[in-house]
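Undergrad: okay, structure incoming, though there's no sequence with it:
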């Protein structure tokens, strides 16, 4: 799904450049207590940075 949404940007990027991919989240757990004071684990989605970099090949001559 992610590749499908970003593929058009990747194909037009050419030989060098950077693409920032927004709206990517990871599910992380955190420990908290409930109303009765018992420890419990909850989950939340945290945004992460996704960056694609396409670099020139240095030192390769055709």
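TA: Everything's here; your move. These numbers were taken from a predicted model, which means no experiment stands behind them. Numbering: from 1, shown residues only.
Undergrad: skip ahead from the least confident helix or strand in the chain by mean pLDDT and say which helix or strand is next.
TA: Counting by mean pLDDT, DSSP states H and E, the chain has its least confident helix or strand at helix 2-11, which shows a mean of 69. Once helix 2-11 ends, the next helix or strand along the chain (criterion: DSSP states H and E) is strand 17-21.
Undergrad: so which elements touch that next one?
TA: helix 2-11, strand 50-54 (3 or more C-beta pairs under 8 Å, 6 or more residues apart in numbering; DSSP states H and E). Heads up, the C-betas are built off the backbone N, CA and C, glycines and all.
Undergrad: just the angle between that strand and strand 50-54, please?
TA: The directions of strand 17-21 and strand 50-54 differ by 160 degrees, with axes from the mean of the first three to the mean of the last three C-alpha atoms, to 10 degrees as the criterion.
Undergrad: in its sheet, what does strand 17-21 sit against?
TA: Strand pairing for strand 17-21, using DSSP bridges, gives strand 50-54 (antiparallel).
Undergrad: list the buried ones in the strand it pairs with?
TA: Going by neighbour count (16 or more other C-beta atoms under 10 Å), nothing in strand 50-54 comes out as buried.
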